[in-house]
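J.: Pasted the sequence and its predicted model underneath.
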Amino acid sequence: MTEKQIKATECFNNHMHCSQSVLFAFAEECGITEETAFRLGSCFGSGMRKGNVCGACTGALMVLGLLFGERRMGDSEERQRSNRINDEFMNRFAMANGTCICNELLGCDISTPEGVQYARDNGLFKDFCPKMVESAVKILEDMIAEQRNAE
């Protein structure tokens with residue numbers, strides 16, 4: 001595991017959301033504080049608490065937006081670049097993990113109390129979710145290096 005993967009999984013294992021954990025690992029690189037990372041990522045865990053897009057993905061997209069996103073209104077070139085980067089991350093995550101949708105990854109509907117209980121009873125938050133955090137961080141590290149090499 002890389003240093004950032006370790007940092008992100010330790011954060012997740014300390015009861016932070018997957019979205020917070022990924023963003024936290026890149027906070028310094030993004031020019032934000034750890035507190036800001038926690039606050040920004042706080043409403044995106046568990047697929048925005050509805051089992052939608054995995055929080056590890058949303059945390060990663062926040063990182064990519066902070067590093068390579070649009071900086072000026074009306075700049076269609078920056079818009080196209082951020083759209084391309086977004087699509088590339090989501091495609092890579094889905095290729096590596098089968099999907100980007102939290103409920104599909106976990107095999108249960110975590111927007112319901114029964115689904116959350118199922119995930120807890122089966123150790124999904126403890127054993128499976130950290131793997132998604134690691135995957136998102138690895139893809140991010142690769143993409144950041146590729147973007148910087150292309151600049």
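T.: Structure received.
J.: which residues touch the helix or strand bottoming out on mean pLDDT in the chain?
T.: One helix or strand of the chain scores below all others by mean pLDDT, DSSP states H and E: helix 45-46, with a mean of 92. With C-beta atoms under 8 Å, 6 or more residues apart in numbering as the contact definition, helix 45-46 has outside contacts at 17-20, 55, 102, 110-111. (Glycine included, C-beta is placed from N, CA and C.)
J.: repeat that for 10 Å
T.: 12, 16-21, 52, 54-56, 58-59, 102-103, 106, 110-111, 115-116, 119, 125, 129 (C-beta atoms under 10 Å, 6 or more residues apart in numbering).
J.: quick one, what contacts the residue nearest the centre of the chain?
T.: Centroid-nearest residue in the chain, with C-alpha atoms, centre = their mean: residue 56, separated by 2.5 Å. Shown in contact with residue 56 (C-beta under 10 Å, 6+ apart): 8, 12, 17-19, 21-23, 44-45, 47, 93, 97, 100, 102, 105, 129-137, 139-140.
J.: ditto for residue 142
T.: Contacts of residue 142 (C-beta under 10 Å, 6+ apart): 89, 92.
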